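A.B. asks: the sequence and its predicted three-dimensional model are supplied below.
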Amino acid sequence: MYEKYLDIAPHVKEAIANNQPVVALESTILSHGFPYPENMDFAKEVERIVRSEGAIPATTAVIGGRLKVGLSEDELMFICNPKDVGKVSRRDIATYVATGKDGATTVASTMMLAHMAGIKVFATGGIGGVHRGAETTMDISADLMELANTPVAVVCAGAKQLLDLGLTLEYLETQGVPVIGYQTGDFPAFYSRSSGFKLDYACRDAAEAALIVKTKWDLGLKGGVVIGNPIPKEYELDHDWMEGIITEAIKDANAKGIRGKATTPFLLARIKDLTEGVSFGSNVQLAYNNARVAAKIAAELCKLG
């Protein structure tokens with residue numbers, strides 16, 4: 001039934017039909033994460049990186065109430081230079097489609113669209129998770145429940161460091177979501193290569209990651225897989241220094257009464273200001289690195305059939 005709402009770019013549809021590797025990409029990072037025109041440069045480069053590894057990029061969005069998988073350059077420009085482009089998660093999809101609105105996809109909604117299109121691998125910066133203080137605010141990202149239910153492998157630099165990473169991992173364990181380190185035994189902390197939380201398994205390479213992902217789904221186990229890919233060493237920021245920055249940013253958000261879906265974009269922008277742009281550069285590089293690894297894993301999944 002959902003097919004009547006879904007537009008898959010012809011080159012993406014052809015690649016899926018021919019068992020060629022495809023990598024889904026979100027658009028919230030473009031419309032709400034990076035400023036224009038830097039976001040357009042980023043969008044083009046991350047797609048170029050996916051292609052350089054032999055895979056097809058498929059950026060997702062909601063445009064004019066249509067679910068889009070694979071954007072044209074004009075559609076990318078529209079999302080990158082937004083006026084009334086909202087931030088769309090699972091709860092928002094039906095409203096945006098029914099009312100013909102424009103929205104950028106989060107991790108959760110990108111997973112949804114990728115699954116609808118038949119794409120198995122998705123590259124993002126960092127997943128959402130359990131926010132600090134969630135024991136009183138109940139602020140838990142929809143990304144986690146999406147990972148529990150939607151069969152897409154998500155390559156990320158762990159969860160965003162501004163979250164409660166320990167509780168995020170506990171939540172994922174409760175929901176039966178495998179969290180695999182990509183050539184690391186530590187859960188990455190977005191800007192830092194290690195959060196201090198150990199993982200149960202580290203895969204050696206893209207082939208082993210693909211085999212784990214395929215085996216999970218062959219066994220009939222529902223949901224996705226988190227593949228934690230650390231930020232390259234040369235772009236890593238000191239964990240303790242970033243903790244101080246994040247603490248100050250959270251205090252600012254609380255003072256301004258920032259809540260809900262506005263929280264993460266506000267914090268990322270405030271962190272960028274407090275680090276004088278250093279965090280922005282690291283954010284860009286970890287996203288590029290995730291796209292590169294995701295393309296390799298997508299290629300290995302295709303080999304497995």
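C.D. replies: Alright, I've got the coordinates. Worth saying up front: this structure is predicted, and the values here are computed from it rather than measured. Residues are numbered from 1 along each chain as shown.
A.B. asks: so which bits of the lengthiest helix in the chain are buried?
C.D. replies: Longest helix in the chain by number of residues (criterion: DSSP state H): helix 278-304. Across helix 278-304, burial judged by 16 or more other C-beta atoms under 10 Å covers 278-280, 282-302. Using the backbone N, CA and C atoms, a C-beta is placed for each residue, glycine as well.
A.B. asks: also stretch 222-233?
C.D. replies: Residues 223-231 are the ones in stretch 222-233 that count as buried (16+ other C-beta under 10 Å).
A.B. asks: Serialize these to CSV and add fields for secondary structure, distance to Thr215 and pLDDT.
C.D. replies: Listed next are those as CSV, based on DSSP: H, G, I helix; E, B strand; the rest coil; distance: C-beta to C-beta, whole Å; pLDDT from 0 to 100:
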residue, secondary structure, distance to Thr215, pLDDT
Gly223, coil, 14, 98
Gly224, coil, 14, 98
Val225, strand, 10, 98
Val226, strand, 16, 98
Ile227, strand, 14, 98
Gly228, strand, 18, 98
Asn229, coil, 20, 98
Pro230, coil, 24, 98
Ile231, coil, 28, 97
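A.B. asks: for the closest residue to Thr28 other than its chain neighbours, helix, strand, or coil?
C.D. replies: Nearest non-adjacent residue to Thr28, counting by C-beta to C-beta, 6 or more residues apart in numbering: Ala104, 4.4 Å away. Each residue gets one of three states, and Ala104 gets strand by DSSP: H, G, I helix; E, B strand; the rest coil.
A.B. asks: what's around Ala104, how many residues?
C.D. replies: 26 (other C-beta atoms under 10 Å).
A.B. asks: what about the residue located most distally from the centre of the chain, distance to Asp164?
C.D. replies: Distance from the C-alpha centroid of the chain peaks at Ala255, with 27.9 Å (C-alpha atoms, centre = their mean). Plainly put, Ala255 is 20 Å away from Asp164 if you go by C-beta to C-beta, to the nearest Å.
A.B. asks: quick one: contacts for Arg66?
C.D. replies: 5-7, 97 (C-beta atoms under 8 Å, 6 or more residues apart in numbering).
A.B. asks: now these in CSV, with pLDDT?
C.D. replies: CSV is the format used below for those (pLDDT from 0 to 100):
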residue, pLDDT
Tyr5, 96
Leu6, 98
Asp7, 98
Val97, 98
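A.B. asks: which members of the residues you listed are classed as buried?
C.D. replies: 7, 97.
A.B. asks: what's near enough to touch Val88?
C.D. replies: Here Val88 is in contact with 28, 62, 96, 103-106, 109 (C-beta under 8 Å, 6+ apart).
A.B. asks: what about these, which one has the most neighbours?
C.D. replies: Neighbour-wise, those (other C-beta under 10 Å) top out at Thr105, 32 neighbours.
A.B. asks: surely that one meets Val62?
C.D. replies: Yes - here Thr105 reaches Val62: they are 6.9 Å apart, a contact under C-beta atoms under 8 Å.
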